[in-house]
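# sharing a model prediction with you, sequence too.
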Amino acid sequence: MKATDGKMRQTDVADQQQLFRLIQSIPSPKAEPFKQWIAQVASERLDEIQDPELAIMRGADYYRAKGYSEGWINQRLQSIRMRKELTDEWKARGIEKEKDYAILTNELTKAWSGLTVREYKDLKGLKKENLRDNMTDIELVLNMLAEVSTKAISQAKQPKTFNQSRNIAREGGSIAGEARENIEKRVGTSVVTSLNAKDKPALETGTPEIDNQ
């Protein structure tokens, strides 16, 4: 990794799983609170496997604790369900690798927003944060439209190859892209915004209202 002097030097690093294993192996009493927290999280995940509704409830509580509005939380939980249904459809078509999900998601996102996932995150000033957690109401709705359209087309066409699924992701995304363009013609501004979770109230109210006259 790059050191403070600008040179690349060998560095000891660990991923999350390795860090948790290290914490578990520490004999010091000072590590006990961390061990208890790891045990609690593991217990909660097992509970959620038995009752998936618990995961939804915990997710809502997580967003409330972060300061999101109830209206936005409802939209976000809907988007989680839509995403799960789409990934289930991709699995049914033989797609299982995380990198393939990322490629398909990138194609879908670019088709409706005009930006790749990385470009979209850059617009919002994000690094590792979840893009959907930083979308406005209307961005979430358009993303859901892209995903539900992609799922419906995939179910109808039953693609046999990854490239066919990739084309369908573009096709589903373009449906939401057309909706985005129509909305933008009415409101006179882009609905793909730089707003992020740092200004949570704006995620629900940050886009102009459509002029109904």
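That came through fine. The shown structure was predicted, so the numbers you read here are calculated from the model rather than taken from an experiment.
# give me the number of residues near A156?
Look at A156: counted by other C-beta atoms under 10 Å, it has 8 neighbours. Every residue, glycine included, has its C-beta placed from N, CA and C.
# how close does it sit to G6?
55 Å (C-beta to C-beta, to the nearest Å).
# okay, buried residues for stretch 98-118 please.
Judged by neighbour count (16 or more other C-beta atoms under 10 Å), stretch 98-118 contains these buried residues: 101, 103-113, 117.
# ok, the closest residue to K157 other than its chain neighbours - contacts?
Leaving out its chain neighbours, the residue that sits closest to K157 by C-beta to C-beta, 6 or more residues apart in numbering is I168, at 6.3 Å. Listed by C-beta atoms under 8 Å, 6 or more residues apart in numbering, the contact partners of I168 are 150, 153-154, 157, 159.
# need the residues you listed in TSV (columns: distance to L203).
Converted to TSV, the contacts of I168 look like this (distance: C-beta to C-beta, whole Å):
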residue	distance to L203
T150	24
I153	29
S154	29
K157	34
P159	34
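# surely R64 meets I73?
Yes - using C-beta atoms under 8 Å, R64 is in contact with I73, at 6.7 Å.
# following element in sequence after the lengthiest helix in the chain, please.
Taking DSSP state H as the assignment, the helix of the chain that covers the most residues is helix 162-187. The element immediately downstream of helix 162-187 (helix or strand, assigned by DSSP states H and E) is helix 200-205.
# contacting residues around S69?
With C-beta under 8 Å, 6+ apart, S69 has these contacts: 200-201, 203-204.
# and Q164, how close does it get to K124?
Distance, Q164 to K124, using C-beta to C-beta: 31 Å.
# so these two - more neighbours on which side?
Higher neighbour count among Q164 and K124: K124, with 19 against 14, using other C-beta under 10 Å.
# do I have it right that the more buried one meets N130?
No - look at K124 against N130 with C-beta under 8 Å: they stay out of range, at 10.8 Å.
# quick one: low-confidence ranges for this structure?
Filtered on pLDDT under 70, the chain yields the residue ranges 47-54, 56, 205-213.
# kindly recompute the last result at 90.
For the chain, the stretches flagged by pLDDT under 90 are 1-7, 9-63, 65-66, 71, 81, 128, 199-213.
# which residues of it fall in helices?
Going by DSSP H, the chain shows helices at 16-25, 32-50, 52-65, 70-92, 98-113, 117-123, 137-157, 162-187, 200-205.
# who does the second one touch, helix- and strand-wise?
Yep, that's helix 32-50 we're talking about. Contact here means 3 or more C-beta pairs under 8 Å, 6 or more residues apart in numbering; DSSP states H and E; on that basis helix 32-50 packs against helix 16-25, helix 52-65.
# contacts for it?
Contact with helix 32-50 is made by 20, 23-24, 54-55, 58, as judged by C-beta under 8 Å, 6+ apart.
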